[in-house]
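Q: Pasted the sequence and its predicted model underneath.
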Amino acid sequence: MDEILARLPDALLPWYARCRRDLPWRRDREPYHVWLSEIMLQQTRVEAVRGYYGRFLAALPTIGALAAAAPDELNKLWEGLGYYSRARNLQRAARIVADERGGVFPRDYASVRALPGVGAYTAGAILSICFGEPTPAVDGNVLRVCARLRDDPSPVTDAAVRERVERELAAVYPAGRCGDFTQSLMELGATVCLPNGAPDCGACPCGAFCLGRARGTARSLPVRAEKKPRRGEALTVFLLRCGDRWAVTRRPERGLLAGLWAFPETPGLLGPQEALDAAAAWGARPTGLEKSADKTHVFTHIVWNMRGYYLACAAMPERFRWVTREELESRVALPTAYRQFWEP
C-alpha cells in the first residue's frame, strides 16, 4: 500500500464534509442521476452543466423516459453541450437498462463498464458513489493530485500510469465511505489542486504530506506527453432565408456531429459569387447576399475555419428542411459550430 495515498482518507473526508460545493447531482445517490451528471461533466465545466442537468431531468426524469425519447428531443436538450456522441450513447445505454434489465441499473463493474459510453472513470464513479464499492474514478483531476502528492513525473497520458493509480487508490478506499472518498478526490482536483501550474497549496488538506509542495515541484506537475497539433479544416456555411424560413439539413450518420441538424455547408472558403452560385445550383434562387461572417470552432482534434453567407432566396428546394425562427430556437438542435452564426 502506498504510504502517501493511505493518508488521503483521513485528510480528505473531514475537509470534504466542510468544504464541498452544493451541486445538484450530489443531493442523492440515484444511479441515473449520477450517471447522467458524469456523462455531462466530461470535457465540460461544472457551471455549464448545472442548468442542463436540471432541464434534462425535468424533461426525462427516468431511465425509461430517456430510452423512449425522440432523437430530436434528446439533441435539443443536449444542444450547446457538445460531444453529441455522449447523448447518443446515453440513450443507447438507457435502452439496454430499460429493455434488458427492467429499468434497474446494474451494480457490478463488468455490466456497468459494458454500457455504451461508460468508461473506467464513469463506472468507478457510479459504483463508488451509488453502491459504496471501492472502485476509483480516475480522471485528469485525480491523476494530477496523485502526481503532485508523490512528486511523480510519470506521464499521466500513459494508460499504464492511469491503471497503476487506479490499483493503488483502490487499496486505500475507506469501507463505508467510498462514495464520499471518490467525490473528495474529485473536489480536491477541481477546487484546490488546480491545473495549469496553479495549485492553491495553502488551502490544501494534504499539504502536510504532499511531496510536490515540499520539494517545490507541484507547479510543474503532472507531466503530459506532447499533444499533436489540431488539424485545420475550411468550411463555408449557408444561412439561406426564404421569407420567414431558413434551410437546415441533416449531417451524415457517421463522423463528426453525426446525424445532427446543421445549416447547409460546403468544403473550403468560398468567395461571395461562388457562394451565390452554389445556392443557385441547389435550386434556392438566391436574390441577394445580405452579409457574411467568419467564425472558428475548436473540436478536440480539429479546428473548423468557417465562413458564413446570409443569402435571401426566392425558392425552397426540397433537399433542405425549411424551418421557422421559432422552430430553430425551440425545437431544432444546432451544434454550437453552426449556432454561432444564428442571429435571431
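A: Nice, thanks for sending it over. Here the structure is a predicted model, which means the values were calculated and not measured.

Q: so the residue lying closest to Val104 once chain neighbours are set aside is in which element?
A: In this structure, Val104 finds its nearest non-sequential neighbour in Val97, 7.2 Å apart by C-beta to C-beta, 6 or more residues apart in numbering. Using the backbone N, CA and C atoms, a C-beta is placed for each residue, glycine as well. Using DSSP states H and E, Val97 maps to helix 85-100.

Q: After that helix, which helix or strand is next?
A: By DSSP H and E, the next helix or strand past helix 85-100 is helix 109-113.

Q: immediately after that next one, which helix or strand?
A: That would be, after helix 109-113 and using DSSP H and E, helix 120-131.

Q: pLDDT value on the residue nearest to Val104, please?
A: pLDDT, Val97: 97.

Q: count of neighbours near it?
A: Other residues within reach of Val97, judged by other C-beta atoms under 10 Å, total 22.

Q: so it makes contact with Arg107?
A: No: contact criterion C-beta atoms under 8 Å: Val97 and Arg107 do not qualify, at 11.8 Å.

Q: can you give me the strands in this protein?
A: Remark: strands assigned in the chain by DSSP state E are 231-242, 245-250, 261-262, 265-267, 286-298, 302-313, 321-324.

Q: Can I get these in a markdown table including distance to Tyr83 and mean neighbour count?
A: Formatted as a markdown table, the strands of the chain follow (distance: least, C-beta to C-beta, whole Å; neighbours: other C-beta atoms under 10 Å):
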| stretch | distance to Tyr83 | mean neighbour count |
| --- | --- | --- |
| strand 231-242 | 18 | 18 |
| strand 245-250 | 19 | 19 |
| strand 261-262 | 16 | 20 |
| strand 265-267 | 20 | 14 |
| strand 286-298 | 12 | 14 |
| strand 302-313 | 13 | 19 |
| strand 321-324 | 24 | 16 |
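
Q: can you redo those strands as JSON lines with mean pLDDT and distance to Pro14?
A: As requested, these are exported to JSON lines (pLDDT from 0 to 100; distance: least, C-beta to C-beta, whole Å):
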{"stretch": "strand 231-242", "mean pLDDT": "97", "distance to Pro14": "47"}
{"stretch": "strand 245-250", "mean pLDDT": "97", "distance to Pro14": "53"}
{"stretch": "strand 261-262", "mean pLDDT": "96", "distance to Pro14": "49"}
{"stretch": "strand 265-267", "mean pLDDT": "97", "distance to Pro14": "54"}
{"stretch": "strand 286-298", "mean pLDDT": "96", "distance to Pro14": "40"}
{"stretch": "strand 302-313", "mean pLDDT": "97", "distance to Pro14": "45"}
{"stretch": "strand 321-324", "mean pLDDT": "97", "distance to Pro14": "55"}
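
Q: between these, which one is nearest to Gln340?
A: Nearest of the strands of the chain to Gln340, taken as C-beta to C-beta: strand 286-298 at 5.3 Å.

Q: what angle separates the closest one from strand 302-313?
A: 160 degrees (axes from the mean of the first three to the mean of the last three C-alpha atoms, to 10 degrees).
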